[in-house]
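# model this:
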Amino acid sequence: MSDAHPDQNPSPDRAEYNAFFPSPYSLSQFTSAKTGAQAVRYENANPGGRWKVLMVGADERYMTMANGRKFSTGNHPVETLLPLYHIDQAGFQVDVATVSGQGVKLEMWAMPGEDDIVLSTHQKYLPKLENPLRLSDVVARALGPDSPYLGVFLPGGHGAMLGLPQSPELGQVLRWAVQRDKLVIALCHGPASLLAAQVGAEGEPFAFQGYELCAFPDALDRQTPAIGYVPGPMPWYMGERLTAQGMKILNTDISGRVHQDRLLVSGDSPLASDAIGRLAVEALRQRAA
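Reported below is the predicted structural model:
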């Protein structure tokens, strides 16, 4: 039995044995009813509607922690929907895909229930989130020389660490993006998905070797079990593995920092969701010109 204050104990997810949502206390610290994002208007950066962005979402719900408990996760709604809002407002179509073709899992416990921008974007994209493309079909049909995709978006949430870093199909997409000078947008734990670039390319240099980025720090992932945000220690640490592949993480805390290194646009946490959307639009606009 935990010695923590009851509000710091993870909340049971009764849909699955030994599974948990974040504690009430941790939700009070890391989520809010509004994001503070303001509505924007962009000149159409995609005249003629030629270009799209491919979002690759999480299709697994439970992360098994090092102590055997399961964390009820998915993609973080703010980290998913605020960047989508900006990309959409700038005139780019967005296709949504998952490895399995099953629906994108969102951490609905983090949905800002009074944020009109996030909620309206969720409703607009709900059909695509619930009925995404199968990633293998995208690889087979849409990565040729006339591909409509100008960029790939990897939203955050711990769900980005489930299945995606091991996906051969995502590996093909990421290597194609680097080879064809396409934008890659990754936020918070989304950069874990970059590890897929080595799947199917063992023995070759990592596609993002030498890149700098912002991402959720391992140090904070080591601290969050103490307040019940996750129900146990992480099964592995994203920063350690990205660093081992030759990437450099610039931030040691979370402040909403974003960064662009060549084709990679990254952000450190949900706090960066609005800023990364704006930076992504500018980078997409340059490539669409």
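
# what about the strands in this protein?
Under the criterion DSSP state E, strands of the chain are mapped to 11-12, 19-21, 52-56, 62-64, 70-72, 93-98, 133-134, 149-154, 183-187, 212-213, 248-249, 258-261, 264-267.

# export these to a markdown table and tack on distance to residue 177 and mean pLDDT?
All C-beta spots, glycine's among them, are computed from the backbone N, C-alpha and C. Putting the strands of the chain into a markdown table (distance: least, Cβ to Cβ, whole Å; pLDDT from 0 to 100) gives the following:
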| stretch | distance to residue 177 | mean pLDDT |
| --- | --- | --- |
| strand 11-12 | 38 | 97 |
| strand 19-21 | 34 | 98 |
| strand 52-56 | 9 | 98 |
| strand 62-64 | 26 | 98 |
| strand 70-72 | 29 | 98 |
| strand 93-98 | 13 | 98 |
| strand 133-134 | 16 | 98 |
| strand 149-154 | 5 | 98 |
| strand 183-187 | 5 | 98 |
| strand 212-213 | 15 | 98 |
| strand 248-249 | 20 | 98 |
| strand 258-261 | 14 | 98 |
| strand 264-267 | 9 | 98 |
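
# can you say which of those strands is nearest to residue 286?
Residue 286 lies closest to strand 183-187 among the strands of the chain, at 9.1 Å (Cβ to Cβ).

# give me the buried positions along the closest one.
The neighbour-count check on strand 183-187 (16 or more other Cβ atoms under 10 Å) flags 183-187 as buried.

# now swap in stretch 218-237 and tell me
So for stretch 218-237, counting by 16+ other Cβ under 10 Å, buried means 218, 221, 224-225, 227-232, 234, 237.

# for residue 155, state which of these is nearest.
residue 221 (17.3 Å).

# how close does the closest residue in space to residue 199 that isn't next to it in sequence get to residue 198?
Closest residue to residue 199 apart from its sequence neighbours, by Cβ to Cβ, 6 or more residues apart in numbering: residue 171 at 3.9 Å. Noted for residue 171: a distance of 7 Å to residue 198, by Cβ to Cβ, to the nearest Å.

# tabulate the buried residues of strand 183-187 (CSV), appending distance to residue 122.
Listed next are these as CSV, based on distance: Cβ to Cβ, whole Å:
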residue, distance to residue 122
183, 23
184, 23
185, 18
186, 21
187, 17
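
# now the helices for this protein?
24-30, 77-89, 116-130, 135-141, 168-179, 218-223, 238-244, 273-288 (DSSP state H).

# and for the closest residue to residue 143 other than its chain neighbours, the neighbour number?
Distances taken as Cβ to Cβ, 6+ apart place residue 176 nearest to residue 143, at 5.1 Å, with adjacent residues excluded. Residues contacting residue 176 under the criterion other Cβ atoms under 10 Å number 19.

# next: the one 5 residues further on.
Residues lying near residue 181 (other Cβ under 10 Å) number 10.

# contacts only, for it.
263, 287 (Cβ atoms under 8 Å, 6 or more residues apart in numbering).

# do you know how far residue 182 is from residue 284?
From residue 182 to residue 284 the distance is 10 Å (Cβ to Cβ).

# so between those two, which is more surrounded?
The residue with more neighbours, out of residue 182 and residue 284, is residue 284; 25 against 21, by other Cβ under 10 Å.

# which residues does that one contact?
45-46, 51, 53, 87, 90, 92, 150-151, 183.

# if you set the cut-off to 7 Å instead, what comes out?
Counting by Cβ atoms under 7 Å, 6 or more residues apart in numbering, residue 284 makes contact with 45, 90, 92, 150-151, 183.

# do residue 98 as well
Counting by Cβ under 7 Å, 6+ apart, residue 98 touches 57, 59, 104, 132, 135.

# out of everything not next to it in sequence, what's closest to the second one?
The shortest distance from residue 59 to any non-neighbouring residue, by Cβ to Cβ, 6+ apart, is to residue 98 (3.8 Å).

# quickly list what the one you found is bridged to.
residue 134 (DSSP bridges).

# so what's the gap between stretch 212-232 and the chain middle?
Relative to the centre of its chain, stretch 212-232 is centred 15 Å away, using Cα atoms, centre = their mean, to the nearest Å.

# end to end, how far does it reach?
Using Cα to Cα, to the nearest Å, the end-to-end distance of stretch 212-232 comes to 29 Å.
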